[in-house]
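Student: Using only what follows, build the 3D model:
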Amino acid sequence: MLLLCAVAASIALGTRNLGLGTVYDAIVCPGGLPLSCPATDTAAQIVRELRLPRTGLALSTGLALGMAGALIQGYTRNPLADAGLLGINAGAAFLAALSIHLLALTAPAQYIWFAFAGALLAGLVVFGVSALGGGKASPLSLVLAGAAVTAFLQAMTNIVVLLDGTALNTYRYWVVGDVAGHDAATIRQILPFLLVGTILALACAPALNLLGLGDDVARGLGVNLTRSRALGLTAVVLLAGAATAAVGPIAFLGLIVPHLARAVTGPDYRWLLPYSALLGAVVLLLADTAGRLIARPGELQAGITLAALGAPFFLLLVRRRKLVSL
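Tutor: Below is the predicted model:
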């Protein structure tokens, strides 16, 4: 119900508010012409060309980031973790900036594949580095490897954007995190990766419940720790990597949403993962809609709105530790 309300608000509200009846006419009427449809040409154009793709992208990326946040908190056993902890955001940012610098790319549809490749490579490097030595990627080694890779990639990204003013101008638009300025082609590009990542994530839920009891107990109950973590981290990379490549790094979404879902579902990941996905979509849709209403006739990017709302929530988590127990 919340998700349906958030979708309706995202399509109807903005610089120009539209009634739900007008929205319905603009969607279902063929052609959207005034002679054949009650919706005006302008309203139909706003709904079909601007708000429907924007809402669809916020819905799909919110689902992915919410589920990815719950996964990474479960595998690292860190209540303050999000997908950026694995270097995914930093990897996407580095290859996006590098492709803009070397290939003079300017449109998001052009560098989205480079951003996704960067997220994928960063996730693989973190998992590989964390498994060195003992041969097992433990929660602590994942966190340490992710922090090291993130710091390195952020430094490399800073070098690229500081050396190239054009790359900086394009990169700073992407790095803020926004669902505006994309068309339906962007959704089609990332949708296969989101579907595969979602299937893998849901398949990992039973093993995640057992891993919460400790590695030794989970191993004794038949869980293959290496395979389980590999599948789970693959799902995180696919979900968070594709979403970040499309809309940029959205701060705090993967951190906040699992805690909101956990307050409803408890610690059972069979329920926590789908609830985190749904709430992730709700939060991102509402943040994007709020950004349009707060700064009318301009707008605030969803990344800025979420960061402004997420920072107080982050401080609350730090002060009241009972809210973040896993």
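Student: With just CA atoms, put stretch 304-321 into CSV.
Tutor: Presented in CSV, the C-alpha positions along stretch 304-321 are these (Å, rounded to 0.1, in the frame of the first residue of the first chain):
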residue,chain,number,x,y,z
ILE,A,304,20.8,15.2,-1.4
THR,A,305,17.4,14.7,0.1
LEU,A,306,18.2,11.3,1.4
ALA,A,307,21.6,12.4,2.9
ALA,A,308,19.8,15.3,4.7
LEU,A,309,17.3,12.8,6.2
GLY,A,310,19.7,9.9,6.7
ALA,A,311,22.3,11.7,8.7
PRO,A,312,20.1,12.3,11.8
PHE,A,313,18.9,8.6,11.5
PHE,A,314,22.6,7.5,11.4
LEU,A,315,23.3,9.5,14.6
LEU,A,316,20.3,7.9,16.2
LEU,A,317,21.6,4.4,15.4
VAL,A,318,25.0,5.2,16.9
ARG,A,319,23.5,6.6,20.1
ARG,A,320,20.8,3.9,20.6
ARG,A,321,22.6,0.7,19.9
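Student: for that stretch, what is the average pLDDT?
Tutor: Stretch 304-321 shows a mean pLDDT of 76.
Student: Quickly find the element holding the spatially closest residue to residue 290 that is not a sequence neighbour.
Tutor: Setting aside the residues directly before and after it, residue 290 is nearest to residue 305 in space (C-beta to C-beta, 6 or more residues apart in numbering), at 5.6 Å. Every residue, glycine included, has its C-beta placed from N, CA and C. Here residue 305, judged by DSSP states H and E, is contained in helix 302-319.
Student: Show residues contacting that helix.
Tutor: Residues external to helix 302-319 that are found in contact with it (C-beta atoms under 8 Å, 6 or more residues apart in numbering): 58, 79-80, 176-179, 247-253, 255-256, 259, 283-284, 287-288, 290-291, 294, 323-324.
Student: Can you tell me which of these end up in helices?
Tutor: 58, 176, 247, 253, 255-256, 259, 283-284, 287-288, 290-291, 294 (DSSP state H).
Student: Now list the buried members of those.
Tutor: Among the ones in helices among the contacts of helix 302-319, those classed as buried by 16 or more other C-beta atoms under 10 Å are 58, 176, 247, 253, 255-256, 259, 283-284, 287-288, 290-291.
Student: and residue 183, backbone torsions?
Tutor: Dihedral angles phi and psi of residue 183 (degrees, to the nearest 10) take the values phi -110, psi -170.
Student: got the contact list for the residue lying closest to residue 153 once chain neighbours are set aside?
Tutor: Taking C-beta to C-beta, 6+ apart as the measure, residue 153 lies nearest to residue 90, with 3.8 Å between them; neighbours along the chain are not counted. When contacts are counted by C-beta under 8 Å, 6+ apart, residue 90 is found next to 84, 122, 149, 150, 153, 154, 157.
Student: Which of the residues you listed ranks first by neighbour count?
Tutor: Ranked by neighbour count under the definition other C-beta atoms under 10 Å, the contacts of residue 90 are headed by residue 122 with 27 neighbours.
Student: That residue reaches residue 87, doesn't it?
Tutor: Yes: counting by C-beta atoms under 8 Å, residue 122 touches residue 87, with 4.0 Å between them.
Student: which neighbours do those two share?
Tutor: 149, 153.
Student: thought residue 57 was touching residue 178?
Tutor: No: contact between residue 57 and residue 178 fails when scored by C-beta under 8 Å: they sit 9.8 Å apart.
Student: Can you pull the residues that touch both of these two?
Tutor: Listed contacts common to residue 57 and residue 178 are residue 247; contacts here mean C-beta under 8 Å, 6+ apart.
Student: Report the residue spans of the protein with pLDDT below the cut-off.
Tutor: Confidence mapping of the chain against pLDDT under 70 gives the ranges 30-40, 133-138, 317-318, 320-326.
Student: Tell me which stretches of it form strands.
Tutor: In the chain, no strands are defined using DSSP state E.
Student: residues contacting the most centrally placed residue in it?
Tutor: Against the mean C-alpha coordinate of the chain, by C-alpha atoms, centre = their mean, the closest residue is residue 65 at 3.1 Å. Contacts for residue 65 (C-beta under 8 Å, 6+ apart) come out as 83, 239, 240, 243, 244, 250, 253, 254, 257, 280, 284.
Student: could you redo the last one with a cut-off of 7 Å?
Tutor: 83, 240, 243, 250, 253, 254, 280 (C-beta atoms under 7 Å, 6 or more residues apart in numbering).
Student: distance of it from residue 191?
Tutor: Taking C-beta to C-beta, to the nearest Å as the measure, residue 65 falls 15 Å from residue 191.
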